[in-house]
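Novice: Sharing a sequence plus its predicted fold:
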Amino acid sequence: MRKIIRPVIFVLIVTPFIAVLSCGKPDQSDDESVIKKETEKKIAIPENMTPEGTWLNYSQRNGKPNAWIKIYKKGNKYYGRIVKILQHPPGKPNPVCEECEGTYKNKRILGMEVLWGFEKVADNSYKNGYILDVNNGKIYNCKFRLAGGGNKVKIRGYLKYEALGRTTTWDRVE
C-alpha cells in the first residue's frame, strides 16, 4: 500500500507546480512570445547607432510608462538623467528620492542622474555602469544593450551576480 501512495502524492503535489512554472503571461501565448523573440533577433542594428537619446521606461509594479530617461555621452562613458516623469505620486508633482542615501537623499527626481559610468564593450553592449532605483533608493551594478534595430534597450540591474538580476526593456522616444 505504501508504494502506491508515494507516486500518487508526488503527482498531486508536483504536477500543479510544474504547470504553474510552464505558464507564460496570461495575455501572451507561447507562440506570440516565440515570434516576438525571433523578430527581435532578426532586426539589425545600424553600425553607427548609439544609446544616446531619450528612452521611455516602464513601472515594474504596473507596466505603465513611468519616465523619460535621456542617455548621453560624456568623455568615453555613458550617463542617463530623468527628463520627464509620467507617473507622479498622488499630491507630489515634484517628487524627491526619500529612500535614497548620500548625495541623492531628498533630491528632486526630475533631472536626477540615474545611470552612470557605462563603457562600450562590444558593438551594442555597454557595461561597468550603475543604475539608481528611485523607488527604493538602491544602486545596482548595471549593463545594457541595444535591441530591436536600436529602438529598444535591454537594461539589466544586479547586486553582485548578473544571473540574479532583473532585466527591463526601454523604448526609444527620440
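Specialist: Nice, thanks for sending it over.
Novice: Which parts of this structure are helices?
Specialist: Applying DSSP state H to the chain gives helices spanning 2-22, 30-42.
Novice: Quick check: K73 touching E52?
Specialist: Yes. Here K73 reaches E52: they are 5.8 Å apart, a contact under CB atoms under 8 Å. Every residue, glycine included, has its C-beta placed from N, CA and C.
Novice: residue contacts, N76?
Specialist: For N76, the contact set (CB atoms under 8 Å, 6 or more residues apart in numbering) comprises 119-120.
Novice: Test my guess that Y72 contacts V83.
Specialist: No. In this structure, Y72 is not within contact of V83 by CB under 8 Å, at 10.3 Å.
Novice: quick one: low-confidence parts of this protein?
Specialist: 1-42 (pLDDT under 70).
Novice: domains of it?
Specialist: For the chain, automatic domain parsing gives the domain ranges 2-41, 43-172.
Novice: which residue is nearest the centroid of this structure?
Specialist: By CA atoms, centre = their mean, the chain has its centre lying nearest to T168, at 2.0 Å.
Novice: what's the closest non-adjacent residue to that residue?
Specialist: I155 (5.4 Å; CB to CB, 6 or more residues apart in numbering).
Novice: Report how many residues lie close to that neighbour.
Specialist: Using other CB atoms under 10 Å, I155 has 24 neighbouring residues.
Novice: dump the residue contacts of it.
Specialist: Contacts of I155 (CB under 8 Å, 6+ apart): 131, 142-144, 167-170.
Novice: Name the residues that touch stretch 135-147?
Specialist: Contact partners of stretch 135-147, identified using CB under 8 Å, 6+ apart, comprise 40, 43, 45, 49, 51, 60, 97-101, 104, 115, 118, 124-133, 152-160, 162, 165, 169.
Novice: I'd like to know which of these are buried.
Specialist: 45, 49, 51, 97, 100, 104, 115, 118, 124, 126-127, 129, 131-133, 152-158, 165, 169 (16 or more other CB atoms under 10 Å).
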